[in-house]
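**Q** requesting a structural model of the entry that follows:
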Amino acid sequence: MLCRTHYSFWVTAALFAAEHGPYWDVGLLAGILYNWWMVRTGRLADCIVAHAVTNGLLAARVLRSALAVLALNHSARDSGHPFIRDGPASPQAF
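**A** Next comes the predicted model:
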(Lines give C-alpha, C1' and ligand atoms only; values in the text may rest on other atoms or scores of the structure.)
Protein backbone atom coordinates (compact mmCIF):
# COMPACT_ATOMS: atom_id res chain seq x y z
CA MET A 1 0.00 0.00 0.00
CA LEU A 2 1.51 3.31 -1.10
CA CYS A 3 -0.34 5.54 1.36
CA ARG A 4 0.86 4.20 4.70
CA THR A 5 -1.18 6.46 6.95
CA HIS A 6 -4.34 8.50 6.88
CA TYR A 7 -2.13 11.42 7.87
CA SER A 8 -0.11 11.28 4.64
CA PHE A 9 -3.30 10.98 2.58
CA TRP A 10 -4.83 14.12 4.12
CA VAL A 11 -1.60 16.14 4.22
CA THR A 12 -1.08 15.48 0.51
CA ALA A 13 -4.68 16.47 -0.26
CA ALA A 14 -4.31 19.64 1.86
CA LEU A 15 -1.08 20.60 0.08
CA PHE A 16 -2.78 20.05 -3.26
CA ALA A 17 -5.62 22.31 -2.10
CA ALA A 18 -3.22 24.99 -0.86
CA GLU A 19 -1.50 25.05 -4.25
CA HIS A 20 -4.80 26.04 -5.88
CA GLY A 21 -5.19 29.34 -4.01
CA PRO A 22 -8.70 30.75 -3.96
CA TYR A 23 -10.00 27.53 -5.50
CA TRP A 24 -8.70 25.50 -2.57
CA ASP A 25 -12.01 23.71 -2.08
CA VAL A 26 -11.98 22.32 -5.62
CA GLY A 27 -8.27 21.54 -5.23
CA LEU A 28 -9.03 19.62 -2.04
CA LEU A 29 -11.72 17.58 -3.76
CA ALA A 30 -9.41 16.82 -6.69
CA GLY A 31 -6.58 15.96 -4.29
CA ILE A 32 -8.82 13.54 -2.41
CA LEU A 33 -9.95 11.91 -5.65
CA TYR A 34 -6.41 11.61 -7.04
CA ASN A 35 -5.14 10.24 -3.71
CA TRP A 36 -8.00 7.76 -3.55
CA TRP A 37 -7.18 6.55 -7.06
CA MET A 38 -3.48 6.28 -6.21
CA VAL A 39 -4.22 4.22 -3.09
CA ARG A 40 -6.72 2.06 -4.97
CA THR A 41 -4.60 1.30 -8.04
CA GLY A 42 -1.03 2.29 -7.19
CA ARG A 43 -0.73 3.84 -10.65
CA LEU A 44 0.78 7.33 -10.55
CA ALA A 45 0.49 7.67 -14.35
CA ASP A 46 -3.32 7.52 -14.07
CA CYS A 47 -3.29 10.43 -11.62
CA ILE A 48 -1.00 12.46 -13.86
CA VAL A 49 -3.26 11.87 -16.87
CA ALA A 50 -6.36 12.71 -14.82
CA HIS A 51 -4.77 15.98 -13.68
CA ALA A 52 -3.77 16.85 -17.26
CA VAL A 53 -7.27 16.11 -18.54
CA THR A 54 -8.80 18.21 -15.75
CA ASN A 55 -6.52 21.14 -16.59
CA GLY A 56 -7.29 20.78 -20.31
CA LEU A 57 -11.04 20.81 -19.72
CA LEU A 58 -10.78 23.84 -17.44
CA ALA A 59 -8.64 25.67 -20.01
CA ALA A 60 -11.19 24.92 -22.72
CA ARG A 61 -13.99 26.24 -20.51
CA VAL A 62 -12.08 29.46 -19.75
CA LEU A 63 -11.30 30.04 -23.42
CA ARG A 64 -14.90 29.33 -24.41
CA SER A 65 -16.16 31.79 -21.79
CA ALA A 66 -13.67 34.44 -22.91
CA LEU A 67 -14.72 34.03 -26.53
CA ALA A 68 -18.38 34.33 -25.54
CA VAL A 69 -17.67 37.57 -23.65
CA LEU A 70 -15.73 38.95 -26.61
CA ALA A 71 -18.54 38.05 -29.01
CA LEU A 72 -21.12 39.63 -26.69
CA ASN A 73 -19.08 42.83 -26.38
CA HIS A 74 -18.58 42.97 -30.12
CA SER A 75 -22.29 42.57 -30.87
CA ALA A 76 -23.19 45.17 -28.18
CA ARG A 77 -20.69 47.63 -29.64
CA ASP A 78 -22.16 47.13 -33.12
CA SER A 79 -25.68 47.69 -31.80
CA GLY A 80 -24.96 51.33 -30.98
CA HIS A 81 -25.62 50.81 -27.29
CA PRO A 82 -24.89 54.13 -25.50
CA PHE A 83 -22.86 52.56 -22.67
CA ILE A 84 -20.55 50.50 -24.87
CA ARG A 85 -17.52 52.44 -25.98
CA ASP A 86 -14.76 51.51 -28.37
CA GLY A 87 -13.41 48.91 -25.98
CA PRO A 88 -9.89 48.46 -24.68
CA ALA A 89 -6.86 50.05 -26.25
CA SER A 90 -5.54 48.38 -29.36
CA PRO A 91 -2.64 45.94 -28.97
CA GLN A 92 -0.37 48.42 -30.78
CA ALA A 93 -0.76 50.84 -27.84
CA PHE A 94 1.23 48.46 -25.67
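
**Q** in this protein, what helix or strand scores lowest on average pLDDT?
**A** helix 44-78 (a mean of 83; mean pLDDT, DSSP states H and E).

**Q** just list what that one packs against, helices and strands only.
**A** helix 24-41 (3 or more CB pairs under 8 Å, 6 or more residues apart in numbering; DSSP states H and E). Placement of C-beta: from N, CA and C, glycine included.

**Q** once you drop chain neighbours, what's closest to Ala50?
**A** Leaving aside its chain neighbours, Ala50 sits nearest to Tyr34 (6.3 Å; criterion: CB to CB, 6 or more residues apart in numbering).

**Q** which parts of stretch 44-61 are buried?
**A** Cys47 (16 or more other CB atoms under 10 Å).

**Q** name the residues that touch it?
**A** By CB atoms under 8 Å, 6 or more residues apart in numbering, the list of residues contacting stretch 44-61 from outside reads 30, 33-34, 37-38.

**Q** which one is Thr12 nearest to, not counting chain neighbours?
**A** Distances taken as CB to CB, 6+ apart put Asn35 closest to Thr12, at 5.8 Å, once the chain neighbours are dropped.

**Q** give me the neighbour count for Asn35.
**A** A count of neighbours around Asn35, defined by other CB atoms under 10 Å, yields 20.
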